[in-house]
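>>> Generate coordinates for the sequence data below:
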Amino acid sequence: MSHKASRQMTRREFAVLASLSAAPARRRPPNIVFILADDLGWGDLGCYGQRWIRTPHLDRLAREGTRFTDAYAGCTVCAPSRSVLMTGYHMGHTSIRANTGGIPLLPEDVTVAEVLREAGYATGCFGKWGLGDIGTDGVPWKQGFDEFFGYLHQIHAHFYYPPYLWDNDRKYYLPGNQDGRRVTYSHDVIAERARDFIRRHRGKPFFCYVPFTIPHWELLVPEDSLAEYRGKIPEAGPYIDPRRHYADQQYPRAALAAMITRMDRDVGRILDLLAELGLEKDTIVFFSSDNGSAERLRKDEFFQSCGPFRGHKQNLYEGGIRVPMIVRWPGHVPAGRVSNFVWGFQDFLPTAAELAGARPPKGLDGISVVPTLLGRQQRGHEYLYWELPRYNAKNGTFFEETPMQALRMGEWKAVRPAPGAPVELYNLRRDPAENNNLAREQPGLLRRMEELMQQARKPPRPQKEPPSEWVIPMPQPAGRAKQ
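Have a look, this model is predicted:
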């Protein structure tokens, strides 16, 4: 049976389940809000040990819910990680495995938004999509979302004062942002659109996916936020982008901190709105990040954004893939708990399906972690798997080599740090910083984990990025170093 035929059959099954959900005896399923930061490290929040950056609302979310110490992003870069989150397949199977910015999801892909919409949910996405540009099958409104507002292409999302954002399939021009001027901060408009969606759909179950662009570069933030940190954090000097892609920034550390605090403010506004509408106890809120911090890519470790871990965005050591994860659902998810249960982005789709009373597609790599969220014991994964194959943008194929890979099995972690490199082996319980390679001391375990790495993946099919105005970085106007 083809994937598309299987998808159609699954939708019929969902329709039956959705009709059953209307029965009077059935309790209304919870609203689901998933807020995703962009390049936020494990150590960037106060509740994870950050000392310089103020995140009072996310710290409150952690106090009122459960904070996970061993949660993992789908990948170490943006688009593949989001593909894992949306489809429930890990990096060995999910559709998008290259991080070009515009490769789309496939027509046969079934996303969490489709599963929830078929179960009767209103579905909205507000922020950075990154899984299909305009004119492709990967756009959100072809992948289960009733409403979309934000950035479609990842490169478009590099800029906080763009001329326009997408309002479904129409361009929404941001007031004052023409000709390189900076008037309307895109994040603020996105946050308000997300709140408006919640207001309008409070009478039925809703799924509100809010993939904010903060704190991904460029490092720009309105003056009212920058003023909170400028002069209060020691700087190592201005940031000047030699490629002229990102805006220059005279106060890069202050700007990064201010961006995160501004995002935290808007998380707080969403939480306050849920309380104001009487939806707080009927809504489960997830907060996470799409991958580890890029701080070390900038050769600046002032904030210790990756916490105690080795690595960063773009590699598969813990600093690149272990991310903050906070879940709150008053009266259901235990408050103030810290859990070391090991789970990842592939688990969100089956988890959301169980919460909604829906049936997920068969054959997913993810599992429902609802028992863990509710404070119960459950069996976890045999292993979690990641990879990042090298992509040939000229012809849309992947190089035929063993890719960068990682596999976690219990307390053990195997890492192939570069394509074709030998696999390293670490015990994360004793050595969370991955400093002591035990590959020679544990040859049998190493062989087993290498076998699992091979079994976990199917070679990615060729997938060429469609033409887009964002494939080549947009030229930047002069005078961008003033802030």
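>>> in stretch 140-152, what counts as buried?
For stretch 140-152, a neighbour-count test (16 or more other C-beta atoms under 10 Å) marks P140, K142, Q143, G144, F145, D146, E147, F148, F149, G150, Y151, L152 as buried. C-beta here means a position set from N, CA and C on the backbone, and glycine is covered the same way.
>>> Check stretch 226-234 too.
Within stretch 226-234, the residues scored as buried using 16+ other C-beta under 10 Å are L226, Y229, R230, I233.
>>> for the second one, phi and psi?
Spelled out, it's Y229. Y229 has phi and psi values of phi -120, psi -20 when expressed as degrees, to the nearest 10.
>>> distance of it from A258?
Taking C-beta to C-beta, to the nearest Å as the measure, Y229 falls 5 Å from A258.
>>> One more: S83?
In terms of C-beta to C-beta, S83 sits 30 Å off from A258.
>>> Quick check: which ranges of the stretch 351-483 of the chain have low pLDDT?
471-483 (pLDDT under 70).
>>> can you check the stretch 1-150 of the chain too?
Counting by pLDDT under 70, the stretch 1-150 of the chain shows low-confidence ranges at 1-26.
>>> at 50 what do you get?
Scanning the stretch 1-150 of the chain for pLDDT under 50 picks out the ranges 1-6, 8-25.
>>> and of the buried residues of stretch 140-152, the nearest to L105?
Q143 (5.6 Å; C-beta to C-beta).
>>> Tell me who's in contact with the closest one.
In this structure, Q143 makes contact with M86, L105, D109, T111, A113, E114, L131, G132, judged by C-beta atoms under 8 Å, 6 or more residues apart in numbering.
>>> Repeat the analysis, applying 6 Å as the threshold.
Residues touching Q143, when contacts are defined by C-beta atoms under 6 Å, 6 or more residues apart in numbering, comprise L105, T111.
>>> A258 should be in a helix, yeah?
Yes. Note on A258: a helix contains this position according to DSSP: H, G, I helix; E, B strand; the rest coil.
>>> Give me the distance between it and I32.
For A258, the distance to I32 (C-beta to C-beta) stands at 29 Å.
>>> ok, now E318?
As it turns out, when the distance is counted by C-beta to C-beta, E318 lies 28 Å from I32.
>>> Between the two, which is the more surrounded one?
Applying other C-beta atoms under 10 Å to E318 and I32 shows that E318 carries more neighbours, namely 28 against 24.
>>> May I have the phi/psi pair for the more buried one?
phi -60, psi -40.
>>> all strands for the stretch 301-450 of the chain, in order.
Defined through DSSP state E, counting those that start in this stretch, the strands belonging to the stretch 301-450 of the chain, from first to last, are 325-328, 337-339, 343-344, 384-388, 391-392, 397-398, 404-409, 412-416, 424-427.
>>> want to throw those into JSON lines with mean neighbour count and distance to A157?
Below are the strands of the stretch 301-450 of the chain laid out as JSON lines (neighbours: other C-beta atoms under 10 Å; distance: least, C-beta to C-beta, whole Å):
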{"stretch": "strand 325-328", "mean neighbour count": "25", "distance to A157": "22"}
{"stretch": "strand 337-339", "mean neighbour count": "14", "distance to A157": "31"}
{"stretch": "strand 343-344", "mean neighbour count": "28", "distance to A157": "23"}
{"stretch": "strand 384-388", "mean neighbour count": "25", "distance to A157": "20"}
{"stretch": "strand 391-392", "mean neighbour count": "17", "distance to A157": "19"}
{"stretch": "strand 397-398", "mean neighbour count": "17", "distance to A157": "24"}
{"stretch": "strand 404-409", "mean neighbour count": "24", "distance to A157": "24"}
{"stretch": "strand 412-416", "mean neighbour count": "23", "distance to A157": "29"}
{"stretch": "strand 424-427", "mean neighbour count": "20", "distance to A157": "33"}
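>>> Dump those into JSON lines; add distance to T76 as well.
Below are the strands of the stretch 301-450 of the chain laid out as JSON lines (distance: least, C-beta to C-beta, whole Å):
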{"stretch": "strand 325-328", "distance to T76": "16"}
{"stretch": "strand 337-339", "distance to T76": "23"}
{"stretch": "strand 343-344", "distance to T76": "12"}
{"stretch": "strand 384-388", "distance to T76": "6"}
{"stretch": "strand 391-392", "distance to T76": "14"}
{"stretch": "strand 397-398", "distance to T76": "16"}
{"stretch": "strand 404-409", "distance to T76": "8"}
{"stretch": "strand 412-416", "distance to T76": "11"}
{"stretch": "strand 424-427", "distance to T76": "16"}
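>>> Quick check: which of those strands is nearest to Y251?
The minimum distance between Y251 and the strands of the stretch 301-450 of the chain falls on strand 325-328, with 28.5 Å, by C-beta to C-beta.
>>> got the contact list for that closest one?
For strand 325-328, the external contacting residues (C-beta under 6 Å, 6+ apart) are 61-62, 64-68, 71, 285-288, 333, 373.
>>> List the strands paired with that strand, with their directions.
Its sheet considered, strand 325-328 pairs with strand 66-68 (antiparallel), strand 283-289 (antiparallel) by DSSP bridges.
>>> what's the closest of those strands to D44?
With C-beta to C-beta as the measure, strand 283-289 is the member of these nearest D44 (8.0 Å).
>>> pLDDT on that closest one, on average?
Strand 283-289 shows an average pLDDT of 99 in the prediction.
>>> So R253 is in contact with P234, correct?
No. With contacts defined as C-beta atoms under 6 Å, R253 does not count as touching P234, sitting 7.4 Å away.
>>> Spatially nearest residue to the residue nearest the centre of the chain (excluding sequence neighbours)?
In the chain, the C-alpha closest to the average C-alpha coordinate belongs to D290, at a distance of 2.9 Å (C-alpha atoms, centre = their mean). Taking C-beta to C-beta, 6 or more residues apart in numbering as the measure, D290 lies nearest to S81, with 4.6 Å between them; neighbours along the chain are not counted.
>>> element containing the one you found?
When secondary structure is defined by DSSP states H and E, S81 falls within helix 78-87.
>>> Next, the angle from that helix to strand 384-388.
Using axes from the mean of the first three to the mean of the last three C-alpha atoms, to 10 degrees, the interaxial angle of helix 78-87 with respect to strand 384-388 works out to 140 degrees.
>>> picking up where we left off before, ok, the residue nearest to the centre of the chain - contacts?
Applying C-beta under 6 Å, 6+ apart as the definition, the contact partners of D290 turn out to be L36, D38, A73, C78, S81.
>>> looking at those, which has the most residues close by?
If you rank the contacts of D290 by neighbour count (other C-beta under 10 Å), S81 sits at the top with 31 neighbours.
>>> distance of that one from R199?
Relative to R199, S81 is positioned 29 Å away (C-beta to C-beta).
>>> for P389, same thing?
Relative to R199, P389 is positioned 43 Å away (criterion: C-beta to C-beta).
>>> more crowded one of the two?
With neighbours defined as other C-beta under 10 Å, P389 and R199 compare such that P389 has more, 21 against 10.
>>> pretty sure that one contacts M404?
No. Distance between P389 and M404: 7.6 Å, which falls outside the contact criterion (C-beta under 6 Å).
>>> Which neighbours do the two have in common?
Shared between the contact lists of P389 and M404 (criterion: C-beta under 6 Å, 6+ apart) there are no residues.
>>> Can you get me a residue count around R448?
16.
>>> Where do the helices of this structure begin and end?
Applying DSSP state H to the chain gives helices spanning 3-21, 56-64, 78-87, 112-118, 186-200, 223-226, 252-276, 318-321, 348-356, 370-373, 443-455.
>>> If anything else comes up later, I'll come back, but that's it for now.
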